[in-house]
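In: based on what follows, work out the 3D shape:
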Amino acid sequence: MRTPRSTYRFQLTADFTLHDAARLVPYLARLGVDWVYLSPILQAEAGSQHGYDVTDHSRIDESRGGAEGLRVLAEAAHEAGMGVLVDIVPNHVGVATPADSAWWWNLLQLGQESRYAEAFDVDWEAGGGRIRIPVLGDDSLEALSIEGSGPDAVLAYYDHRYPIAPGTADDGADAVTVHSRQHYELMNWRRESSELNYRRFFAVSTLAAIRVEEPWVFDESHAEIGRWFREGLVDGLRVDHPDGLADPGGYLERLAELTGGAYVLVEKILEGDEPLEPSWKTAGTTGYDALALIDRVFIDPTGEAALTRLDRWLRGEPLGHEGAASAAAEVAREAQVEAALANADYHELVRSTKRAVADGILQAEVRRLARDVERDGGLATPTEPAVVTDALAELLTAFPVYRSYLPDGREHLDAALALAQERRPELSEVLAETAEVLGRTGSATSTRFQQTSGMVMAKGVEDSAFYRFTRLTSLTEVGALPEQFSVTAEEFHAAQLRRLASTPEAMTTLSTHDTKRSEDTRARISALSEVSDGWAGTLTKLRGLLPLSDGPFENLLWQALLGAWPLSRERAHAYALKAAREAGVSTNWLEPDALFEERLAHVVDTVFVDPIARGLLENQLAALDGAGASNALGAKLVQLTTVGAPDVYQGSELWDRSLVDPDNRRPVDYDERSTLLDLQDAGEPVSLDESGAAKLLVVSTALRLRRDRPELFTGYRGLTARGTAADHVLAFDRGGAVTVVTRLPVSLARGGGWAGTVLELPEAPHGYVDTFTGQVFRAGERPVAELLSVFPVALLQRIEGE
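Out: Numbers count the residues shown, from 1 in each chain. Coordinates of the predicted model:
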C-alpha cells in the first residue's frame, strides 16, 4: 500500500477546478508536498461551494472539471511523483433540487414501489405512506401549480419542482388535489424538526441519507470510485462522516476490496482518550485528535484560573448589566459568581445543549427511535410513547462519545445509562428497559440509535456548546475537549509514542474546511493564556464601550476579532452573525432577534471606525502578536514533523487567520505564494513579519525533508531540556530529524529568556545542520539560545558522513 509522507488539501469549486489544481502541481512539488488531497469531486448540487451535497455518484462534477479534469490532475501529480487522495461522501445525497438526483426523483415519483426505496431510510408508516418534505412557507399549498403536461408534468412550488406519479394528474385535477395523490407530502418548514420521516445528514434535510450497507447500493454508489483505482487515477480516499453509516467497519471492508487495500482515512471524531476501532480497515483519522493535542502544548496552564474566573464572572452577570472594570467589583459580586458556577461547568452546559438538540432540531430522529422501540417489541413494561421518547433523549444526551459499534463499545451505552439514571432517577426503570432494547446488536433500533448519537453530539457540542463555552476559544475546536486546558511536554511525548504504536500513518492537521478557527487564529488566541489578566481588562473596557449584554458571547466575539485581525468588515459581520446564531442564546437561526442583531452589527461596524475601540483591540494585539507568531510556527513545525502524515490546508503555508466556514474556504492567492517561494529559494533573507515568509520557510523545508529523507522520520523520542527555561522547550527526535520549538514565549521573556538552558542533542558523529538557517551544531549538550538564535523554532537534520 502506497502511503503519503504529506498531503496538501484543495477545496474544489466551479471557480477552482481540477484543471486549476493540475496547473499548481509544479508549485506543490517545489513546496515539498507528497500527495494532492482533493475535496469531494462527484457531481454535486449546482453552485455547491464544498461538494458534500453529492447528487450523482456515477460521475465527476462537470463544474469542477469532470472526468477529464481528474485525468489531467492525476497525470500531472503522478508524473511529479505525487499521489492523489480524494474525499468521498458515502453517507448521503443532495436532494435540494430533486431533478438533479435520479435516485431521489424516482423515489418521490414511485414511492415504496421505487427501486430506490431500499436505498433511502424512510419511515413510510409514520408519514402515512408518504415522504415528508419540509419546503412550504406560510402560504401552505396555495402557491402550488402544475407545469407541463403528460409524462413531463411536474408540481411546482416557486423555484422547486417535484415529479408527478403516473396516472395521478390525468383527470384535470387542480394542483392541491394532485399533490394529495403523490408519494410525498410537501409540508411547512416549521414541521421539519418534529415530523420529518427520513434519515438525513445531521439536521440538514436537503441531504438525505442512503443505505450503503445494502450491497447493491454500495456497488452503484461506488462504481465510479472503483474506476479511479482500476485506471490508476487515485491512490487513496478520505471517508466523510463514517459514523452516519449503519456499519462503518463493514463498509471499510467493502471499500478495501474495491480499492485493492488502498490508503484510507476516516473522518472519525474521537473523544479524549477514545481509541480508533482497531479492526477497521483504515490508516487512521483525518487528524482532529492530533490538532487538539498540538494546540494544548502551546497553552500556559497558569492562565487557566484567571480565564476561568473571567468566564464565570461573565456568566454570572445579569442580563443588561455592564460589568465593572476592577477586581474589587468582582469581589463584591462573589456570591453571584458562586451561584453561576453550575452554568459555567462545561459538562452541565453540554448536557443542556445536547438535550436541547434532542428535543429540538433532531426531535424527529428521537421520535422515530421511539417508534422503532415499539416495532422491536417495545419495553418489558408497557410505557407511553412520550415517556420512551424522553428516555431515548436522555440516553442520547448522556452518551459519552459520538457513537458505539456494537457489540464493540457496549461500555459507552452502559455509561450513558448510569449517568441518565443518576440525572433522572424517576425514569430509572424506563431507561434500563430502553437501554436493553438499544443493546440488541443488529436490530433496527440499535443501529439507528448508534447513527443518531453522533448527530446529537455534533449539533449539541460542536455547533452549540462550543459557541457558549468561551473562556479560551482556541480550545473549542472539532475533536477537542474544551475542559482540557493544556498538556505538558511529557504528556505530548507519551501521546506520540502511543500514536506511533497504533496509527503511525494517520493524518495530522491544524486547519481544515471544518475547523472553527484556522491554525494561526488559534495560535494567537492561545497566547491569551499568558496575558489573562490583561485580556480581562481589555475585554471589560470593550464591553463597557460596546455592550451586548451577553458576556460569554462577547468574549467569543472579541477573541475572534483579535485572532483574525486585520480582517475585512464583511468577514467580521458574517462571522459575528453566524456565531451568535449558533450559540443560540441572544439570537438563533429559527427565530432571529432583530434588535440584538442590530446591536451586534453596530459593535462590528464601530470597531472599524472608532479609534478608541480599534485602539483597545490593536493594543491588545501588540502585546501578544509576537507570541502568536511564535506559537503558530511552533505548532506548524510540530505538526509537520511529529508522528503521522501531515496535511497542509490550502493557503496555510502563509499566515492563515481565518474563521469558521465559509471564511476558511476563501480563494487562495497562489501567485503570491509561488513568488515568495522563489525568493526564498533564491536566498532572500526571511524575517518573522506579516508577509508569512517565515511560515513558508518552515512549511517548505519540513515538507521537503519528509519527502526526500523519510528514513529520518521513523521513530520518536522526546528530548528534555535542562535549566531555568526548560519548560519552554518542546523537542523530539524522529530518528535523525530533531524538532525544537518554543513554548509560552511571553513568560519566557519575563523570566529572562534562554539563559542557562541547554538541550542534549542525540549522538551524531558529524553533528546537525539547522535546515532553516544552515547553522551547524555538534551533538551533545547545546545552549537553547544558540539553537533558537534566529527563529523560535529549529529543524535539525543529522549530517551523514562517509
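In: could you pull out the helices in the stretch 551-700 of the chain for me?
Out: 551-564, 569-583, 594-609, 611-641, 670-681, 693-708 (DSSP state H, counting those that start in this stretch).
In: relative to residue 314, which of those helices is closest?
Out: Evaluated with C-beta to C-beta, the helices of the stretch 551-700 of the chain place helix 551-564 nearest to residue 314, the distance being 3.0 Å. Every C-beta, even on glycine, is put in place using the N, C-alpha and C of the backbone.
In: picking that back up, dump the helices of the stretch 551-700 of the chain to TSV, plus mean neighbour count, mean pLDDT and distance to residue 185.
Out: Converted to TSV, those look like this (neighbours: other C-beta atoms under 10 Å; pLDDT from 0 to 100; distance: least, C-beta to C-beta, whole Å):
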stretch	mean neighbour count	mean pLDDT	distance to residue 185
helix 551-564	24	98	38
helix 569-583	19	98	29
helix 594-609	15	98	32
helix 611-641	21	97	49
helix 670-681	15	97	49
helix 693-708	22	98	53
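In: just tell me which of these ends up closest to residue 653.
Out: helix 693-708 (4.4 Å).
In: same for that closest one, what does it pack against?
Out: When contacts are defined as 3 or more C-beta pairs under 8 Å, 6 or more residues apart in numbering; DSSP states H and E, helix 693-708 packs onto helix 25-31, helix 611-641, strand 645-649, helix 670-681, strand 793-798.
In: would you list those in JSON lines and tack on distance to residue 491?
Out: Shown next, in JSON lines, are the helices and strands packed on helix 693-708 (distance: least, C-beta to C-beta, whole Å):
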{"stretch": "helix 25-31", "distance to residue 491": "32"}
{"stretch": "helix 611-641", "distance to residue 491": "14"}
{"stretch": "strand 645-649", "distance to residue 491": "21"}
{"stretch": "helix 670-681", "distance to residue 491": "35"}
{"stretch": "strand 793-798", "distance to residue 491": "20"}
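In: so which of the ones you listed comes closest to residue 722?
Out: strand 793-798 (17.3 Å).
In: distance between that closest one and the chain's centre?
Out: Here the centre of strand 793-798 is set off from its chain's centre by 31 Å, with C-alpha atoms, centre = their mean, to the nearest Å.
In: and it with helix 611-641, angle?
Out: Angle, strand 793-798 to helix 611-641, by axes from the mean of the first three to the mean of the last three C-alpha atoms, to 10 degrees: 20 degrees.
In: who does strand 793-798 pair up with?
Out: Looking at strand 793-798 with DSSP bridges, its partner strands are strand 737-742 (antiparallel), strand 768-770 (antiparallel).
In: tilt between that strand and helix 693-708?
Out: Going by the same axes, to 10 degrees, strand 793-798 makes 30 degrees with helix 693-708.
In: measure residue 769 to residue 717 for me?
Out: Residue 769 sits 19 Å away from residue 717, going by C-beta to C-beta, to the nearest Å.
In: one more: residue 360?
Out: Relative to residue 717, and taking C-beta to C-beta, residue 360 is found at 50 Å.
In: same question, residue 215
Out: 47 Å.
In: kindly report the same for residue 795.
Out: On the measure of C-beta to C-beta, residue 795 and residue 717 end up 16 Å apart.
In: same check on residue 149?
Out: Counting by C-beta to C-beta, the gap from residue 149 to residue 717 is 76 Å.
In: could you do residue 766 as well?
Out: 19 Å.
In: which residues does the nearest residue to residue 244 once chain neighbours are set aside contact?
Out: Nearest non-adjacent residue to residue 244, counting by C-beta to C-beta, 6 or more residues apart in numbering: residue 91, 3.9 Å away. Contacts for residue 91 (C-beta atoms under 8 Å, 6 or more residues apart in numbering) come out as 201, 209, 210, 212, 240, 241, 242, 244, 245.
In: the third one: what's it in contact with?
Out: In this case it means residue 210. Contacts of residue 210 by C-beta under 8 Å, 6+ apart are 90, 91, 92, 93, 103, 119, 120, 121, 217, 221.
In: okay, and which of those residues map to helices?
Out: 103, 217, 221 (DSSP state H).
In: would JSON lines of those residues with pLDDT be doable?
Out: Conversion of the ones in helices among the contacts of residue 210 to JSON lines gives the following (pLDDT from 0 to 100):
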{"residue": "103", "pLDDT": "98"}
{"residue": "217", "pLDDT": "98"}
{"residue": "221", "pLDDT": "98"}
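In: out of the residues you listed, who's nearest residue 24?
Out: Closest to residue 24, out of all of these and judged by C-beta to C-beta, is residue 221, at 29.7 Å.
In: and the closest one, how many neighbours?
Out: Residue 221: 24 surrounding residues under other C-beta atoms under 10 Å.
In: quick one: the residue most central in space within the chain and residue 362, what's the gap?
Out: Central residue of the chain (C-alpha atoms, centre = their mean): residue 514, 3.8 Å from the mean position. From residue 514 over to residue 362 the distance is 19 Å, taken as C-beta to C-beta.
In: returning to what we had before: so residue 215 and residue 717 - more neighbours on which side?
Out: Neighbour count, other C-beta under 10 Å: between residue 215 and residue 717, residue 717 has more, with 14 against 9.
In: what residues are up against residue 421?
Out: 427, 428, 431, 432.
In: the first one - that's part of a helix, no?
Out: Yes. Assessed by DSSP: H, G, I helix; E, B strand; the rest coil, residue 427 belongs to a helix.
In: the residue nearest to it when sequence neighbours are not counted: how many residues sit nearby?
Out: Leaving out its chain neighbours, the residue that sits closest to residue 427 by C-beta to C-beta, 6+ apart is residue 391, at 5.8 Å. Residue crowding around residue 391 was assessed by other C-beta under 10 Å; the count is 29.
In: wait, residue 391 sits on residue 428?
Out: No. Contact criterion C-beta atoms under 8 Å: residue 391 and residue 428 do not qualify, at 9.7 Å.
In: hmm, residue 734 is touching residue 718, no?
Out: No. In this structure, residue 734 is not within contact of residue 718 by C-beta under 8 Å, at 10.9 Å.
In: looking at these two, which one has more neighbours?
Out: Taking other C-beta under 10 Å, residue 734 and residue 718 do not tie; residue 734 has more neighbours (21 against 15).
In: about what we covered before: distance to residue 143 for the helices of the stretch 551-700 of the chain - can I get that in a markdown table?
Out: Formatted as a markdown table, the helices of the stretch 551-700 of the chain follow (distance: least, C-beta to C-beta, whole Å):
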| stretch | distance to residue 143 |
| --- | --- |
| helix 551-564 | 38 |
| helix 569-583 | 27 |
| helix 594-609 | 26 |
| helix 611-641 | 46 |
| helix 670-681 | 46 |
| helix 693-708 | 53 |
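In: sorry, back to before: just the ones of the contacts of residue 91 in helices?
Out: Counting by DSSP H, those contribute nothing to helices.
In: nearest to residue 706 among these?
Out: residue 240 (25.9 Å).
In: which ones are touching that closest one?
Out: Contacts of residue 240 by C-beta under 8 Å, 6+ apart are 40, 52, 87, 88, 89, 90, 91, 267.
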